[in-house]
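**Student:** When you get a sec, could you give me coordinates for this:
(one chain, ligands or ions: 1)
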Amino acid sequence: MPAILLDGKQIASEIRQETAAEVQNLTAAGIRPGLAVVLVGNNPASEIYVRGKVKSCEELGIYSEKITPPATITTGELLALVNELNARDEIDGILVQLPLPTQVDAKKILLAVDPAKDVDGFHPMNVGFLSTQRPGLISCTPAGIMEILRRSHVDISGQEAVVVGRSDIVGKPTAMLLINANATVTVCHSKTRDLPGVCRRADILVAAIGRAGMITPDFVKPGATVIDVGTNNVTDPAEFQRLFVGNAKREETFRTKGATLVGDVHPAVAEVAGKMTPVPGGVGPLTIAMLMSNTVKAAKMRRGGRN
Ligand code: NDP
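**Tutor:** Residues are numbered from 1 along each chain as shown. This is a model prediction of the structure:
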């Protein structure tokens, strides 16, 4: 029986509705949550992401501000801008869109964001709060993965979870969240020996690698839940064939657009897994939904007690 597909769009839509209701309540109490997005230069992919974030704020009633300094900005100038946003009471969330130009010290910038406004959850203080189970702001994609698991009633406690990828923004915080939810967690990376064998132990397998269709059916225990974080744009026809041979819908997209979006999990895994997230329409929609939810959380944590 093919895997049940976990509908990220539907789950994201539920979270957005809940968040919009919270925004209404807060606004009625005189606290309109506000998000500032800093977009340096004109990276086309970043522009698309930022547009999506601002549009989402508008839909949910969150105040948003887009700040677009030139690509030539220095670390000092960007630090000054972040400090200004840190000081403004009506700004609850500050998001500095990555990547930053090479002359800017990105680590210094992320460290300058007030941890109480760090809606991306990248500040070392929030990372520390997560690892010591204190309240804080949690990185959006990992938080979204947990929402998918919980809202799809996937058992986590006591289960074997394997996370492939150890990045600071996805792999590590996802592993930490799974540990906090009482899973037994293994984290894999490019130096892991016998990756398929380790992955086959997983009741919950999270792929955050950045390699199109790398997780094939031989990596997956029958019945496992597979969460595919990868977003890879496939343009090579041979690669496309390896992934989607016989899939008429994808073939049509590939013919007309010359590219298609694919995760880190091979589509044939659907024949083995019990549940899995599709790409697109799985983890992706959760990332912006959790950013909105984090902005509201930041507003409540910072300003909620004052009225
Ligand atoms: P990174 O490149 O920062 O990390 C990739 C990880 O995968 C590294 O830990 C790396 O190991 C590991 N890896 C790479 N190749 C292999 C291999 N052959 N075998 C085992 N492990 C390997 O990527 P990110 O964590 O930032 O992103 C991962 C994917 O998730 C990307 O496709 C990205 O586009 C997507 N993504 C999607 C989001 C969404 O909203 N849906 C949000 C964020 C990311 P090592 O550490 O040893 O190098």
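
**Student:** Could you pull up phi and psi at the nearest residue to Leu35 once chain neighbours are set aside?
**Tutor:** Spatial nearest neighbour of Leu35, excluding adjacent residues (Cβ to Cβ, 6 or more residues apart in numbering): Gly93 at 4.2 Å. For every residue, glycine as well, the C-beta is placed using N, CA and C. For Gly93, the backbone dihedrals are phi -130, psi 140 (criterion: degrees, to the nearest 10).

**Student:** Strands along the stretch 51-200 of the chain, start to end?
**Tutor:** Ranges of strands within the stretch 51-200 of the chain are 63-67, 93-96, 160-164, 184-188, based on DSSP state E, counting those that start in this stretch.

**Student:** and the third one, what does it pack onto?
**Tutor:** When you say that, I think you mean strand 160-164. When contacts are defined as 3 or more Cβ pairs under 8 Å, 6 or more residues apart in numbering; DSSP states H and E, strand 160-164 sits against helix 171-180, strand 184-188, helix 195-199, strand 204-207.

**Student:** which residues touch it?
**Tutor:** With contacts defined as Cβ atoms under 8 Å, 6 or more residues apart in numbering, strand 160-164 is touched by 171, 174-175, 178, 183-189, 192, 195, 198-199, 201-209, 215, 264.

**Student:** Any idea how many residues pack against Leu243?
**Tutor:** Residue neighbour count, defined by other Cβ atoms under 10 Å, stands at 19 for Leu243.

**Student:** tell me which element it falls in.
**Tutor:** helix 237-244 (DSSP states H and E).

**Student:** As PDB, could you dump the C-alpha coordinates of that helix?
**Tutor:** The C-alpha trace of helix 237-244 is given here as PDB (Å, rounded to 0.1, in the frame of the first residue of the first chain):
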ATOM      1  CA  PRO A 237      17.100  15.200 -18.000                       C
ATOM      2  CA  ALA A 238      19.000  12.100 -16.900                       C
ATOM      3  CA  GLU A 239      18.500  13.000 -13.300                       C
ATOM      4  CA  PHE A 240      14.800  13.700 -14.000                       C
ATOM      5  CA  GLN A 241      14.500  10.200 -15.600                       C
ATOM      6  CA  ARG A 242      16.100   8.500 -12.500                       C
ATOM      7  CA  LEU A 243      13.400  10.200 -10.300                       C
ATOM      8  CA  PHE A 244      10.200  10.500 -12.300                       C
END
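
**Student:** mean confidence for it?
**Tutor:** The average pLDDT for helix 237-244 rounds to 95.

**Student:** Please apply the same query to stretch 86-94.
**Tutor:** Averaged over stretch 86-94, pLDDT sits at 98.

**Student:** Tell me the buried residues in it?
**Tutor:** Asn86, Ile91, Asp92, Gly93, Ile94 (16 or more other Cβ atoms under 10 Å).

**Student:** go on, stretch 69-84?
**Tutor:** Pro69, Ile73, Leu78, Leu79, Leu81, Val82.

**Student:** what's the burial count for the residue lying closest to the last one once chain neighbours are set aside?
**Tutor:** The reference is to Val82. Spatially, and ignoring its direct neighbours in sequence, Val82 is nearest to Ala112 (4.7 Å; Cβ to Cβ, 6+ apart). Neighbour count for Ala112, taken as other Cβ under 10 Å: 20.

**Student:** just Glu22 next, same as before
**Tutor:** 19.

**Student:** can you check the one 4 residues further on too?
**Tutor:** Using other Cβ under 10 Å, Leu26 is surrounded by 21 other residues.

**Student:** What distance do you get for it to the ligand?
**Tutor:** Distance, Leu26 to the ligand, using Cβ to the nearest ligand atom, to the nearest Å: 26 Å.

**Student:** shaky segments in the stretch 151-300 of the chain?
**Tutor:** For the stretch 151-300 of the chain, no stretch has pLDDT under 70.

**Student:** Any chance you could note which residues of it sit beside the ligand?
**Tutor:** Neighbours of the ligand within the stretch 151-300 of the chain, by Cβ under 6 Å from any ligand atom: 164-167, 169-171, 188-192, 195, 208-211, 229-232, 283-284, 287.

**Student:** before we move on, back to that, which residues sit in contact with the residue nearest to Val82?
**Tutor:** Leu79, Val82, Asn83, Asn86.

**Student:** Of the residues you listed, which belong to helices?
**Tutor:** Applying DSSP state H to the contacts of Ala112, the entries found in helices are Leu79, Val82, Asn83, Asn86.

**Student:** wait, doesn't the second one sit right on Leu95?
**Tutor:** No - the pair Val82 and Leu95 fails to qualify as a contact (Cβ atoms under 8 Å) at a distance of 10.8 Å.
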